[in-house]
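Asker: just need the structure, nothing else, for what follows:
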Amino acid sequence: MNTISQPLADQQSFGPRDISRTIGRLAVRALYTELALYPKPGLVSPIDNGAHDDMTMATFMRSLFSLRCYFPQIASAGGASSEFSELRRLGRGAEHRMMVATSGVNTHRGAIFNLGLLSAAAGYHVSNRLLLDANAVCMNVANLWGRDILMDEPVDSHGSRALARHGGGGARQQAASGYAVLRDVALPAFQDALIKGATRNCAALQTFFAIMAVLNDTNILHRAGRDGLDYAQGQARAFLSIGGVFAPDHLARATDLHRIFCTRRISPGGAADLLSCTLFLHDLEAMS
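Answerer: Residues are numbered from 1 along each chain as shown. The predicted structure follows:
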């Protein structure tokens with residue numbers, strides 16, 4: 001029986017391993033859906049490499065394959081009420097496998113952190129027979145591990161150095177707050193677009209722009225500085241203000257913006273990570 005089509009509430013009879021595998025499949029599917037979406041300004045897709053000359057669609061696919069066991073593992077750890085130290089150990093192992101698979105290219109570090117924590121929280125919810133409400137899953141990341149996340153020694157990365165230079169909150173602050181951008185912006189944008197009749201892909205694109213309009217995206221800060229982030233946020237707000245994906249020319253406008261972002265080396269990787277999380281949480285809640 002394919003457990004991914006079964007409500008998670010009914011999967012208790014399949015055992016914790018089956019439930020963790022289902023959560024893992026949802027996580028990988030969300031990452032693939034985000035990768036395949038076009039046009040996401042500045043980002044890699046099946047059409048082109050975006051603003052990057054060091055990664056392609058194939059690079060991301062190798063990375064995804066390397067992570068296929070990570071999300072079930074961390075969901076299982078969350079279901080066992082593991083401490084943050086165990087989640088961190090699993091995440092660092094996943095980062096190592098990703099780097100080996102991509103020959104040192106960072107394709108999914110943000111997803112390993114954010115989607116990994118949300119998978120762990122989902123595992124905790126199912127194990128404790130709690131309602132799989134997307135907002136509650138986000139908040140339980142903060143409730144269960146938020147303090148340890150903030151106290152953890154930050155990994156030296158482009159993002160951490162960008163925050164030190166430009167200020168603002170990054171991924172750790174987002175997680176410790178219970179993912180306010182997901183709860184207050186991304187999930188409402190995705191659900192509202194679907195209610196208004198958008199296809200899943202159009203709703204995802206609308207959500208990507210909604211996230212980009214508000215997120216202190218450290219990927220953009222690293223590559224394009226504060227001016228680049230201000231520009232990206234302003235363009236996202238402008239796209240949304242005239243209808244977003246409901247405007248007749250939305251694909252042409254998004255494609256034009258993609259070309260501009262590529263020229264200016266702007267890559268909203270943080271927005272892409274949170275879009276994947278949005279898709280994961282939406283699908284998780286739909287199965288509860």
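
Asker: what is the least confident helix or strand in the protein?
Answerer: Every helix and strand in the chain was compared by mean pLDDT, DSSP states H and E; the lowest is helix 158-166, with a mean of 49.

Asker: what's the average pLDDT for the helix or strand harbouring residue 34?
Answerer: Using DSSP states H and E, residue 34 sits in helix 16-36. Helix 16-36 carries an average pLDDT of 93.

Asker: burial of residue 218, as a residue count?
Answerer: 24 (other Cβ atoms under 10 Å). No exception for glycine: its C-beta is placed from N, CA and C like everyone else's.

Asker: before we move on, the earlier item: and the angle for the helix or strand that comes right after the helix holding residue 34 with helix 16-36?
Answerer: Next helix or strand after helix 16-36 toward the C-terminus (DSSP H and E): helix 57-66. Put simply, helix 57-66 runs at 170 degrees to helix 16-36, going by axes from the mean of the first three to the mean of the last three Cα atoms, to 10 degrees.

Asker: identify the residues contacting helix 57-66?
Answerer: 28, 31-32, 35, 44-46, 49, 94, 97-98, 100-102, 105, 107-108 (Cβ atoms under 8 Å, 6 or more residues apart in numbering).

Asker: which stretches of this structure form helices?
Answerer: Secondary structure of the chain (DSSP state H): helices at 16-36, 57-66, 70-79, 84-101, 109-127, 134-151, 158-166, 171-176, 180-181, 187-195, 200-212, 218-241, 250-264, 269-286.

Asker: residue 243 reaches residue 254, doesn't it?
Answerer: No - with contacts counted by Cβ atoms under 8 Å, residue 243 stays clear of residue 254, the gap being 11.9 Å.

Asker: distance check, the closest residue to residue 127 other than its chain neighbours against residue 130.
Answerer: Take residue 127 and drop its neighbours on the chain: the residue closest to it by Cβ to Cβ, 6 or more residues apart in numbering is residue 79, 3.6 Å away. Here residue 79 is placed at a distance of 11 Å from residue 130 (Cβ to Cβ, to the nearest Å).

Asker: and for residue 96?
Answerer: When residue 96 is compared with residue 130 (using Cβ to Cβ), they lie 32 Å apart.

Asker: higher neighbour count, those two?
Answerer: residue 130 (15 against 11).

Asker: spatially nearest residue to that one (excluding sequence neighbours)?
Answerer: Excluding the flanking residues, the one nearest residue 130 by Cβ to Cβ, 6+ apart is residue 136, at 7.0 Å.

Asker: what's the neighbour count on the one you found?
Answerer: Neighbour tally, residue 136, other Cβ under 10 Å: 16.

Asker: correct me if wrong: it contacts residue 125.
Answerer: Yes - counting by Cβ under 8 Å, residue 136 does reach residue 125; the two are 7.1 Å apart.

Asker: report pLDDT for residue 176.
Answerer: For residue 176, the model assigns a pLDDT of 94.

Asker: quick one: low-confidence ranges for the stretch 51-200 of the chain?
Answerer: Along the stretch 51-200 of the chain, segments meeting pLDDT under 70 span 153-169.

Asker: the same query, at a cut-off of 50, please.
Answerer: Residue ranges of the stretch 51-200 of the chain with pLDDT under 50: 159, 162-164, 166-167.

Asker: which residues touch residue 175?
Answerer: 113, 114, 117, 141, 142, 145, 146, 149 are the contacts of residue 175 under Cβ under 8 Å, 6+ apart.

Asker: count of neighbours near the spatially closest residue to residue 118 that is not a sequence neighbour?
Answerer: Excluding the flanking residues, the one nearest residue 118 by Cβ to Cβ, 6+ apart is residue 277, at 5.8 Å. Using other Cβ under 10 Å, residue 277 has 31 neighbouring residues.

Asker: from residue 252, how far off is residue 196?
Answerer: Using Cβ to Cβ, one gets 20 Å for the distance from residue 196 to residue 252.

Asker: same check on residue 284?
Answerer: Counting by Cβ to Cβ - residue 284 and residue 252 are separated by 34 Å.

Asker: compare these two (neighbour count), which wins?
Answerer: More neighbours surround residue 284 than the other of residue 284 and residue 252, with 25 against 11 (other Cβ under 10 Å).

Asker: so what's that one up against?
Answerer: By Cβ under 8 Å, 6+ apart, the neighbours of residue 284 are 8, 23, 26, 122, 132, 134, 137.
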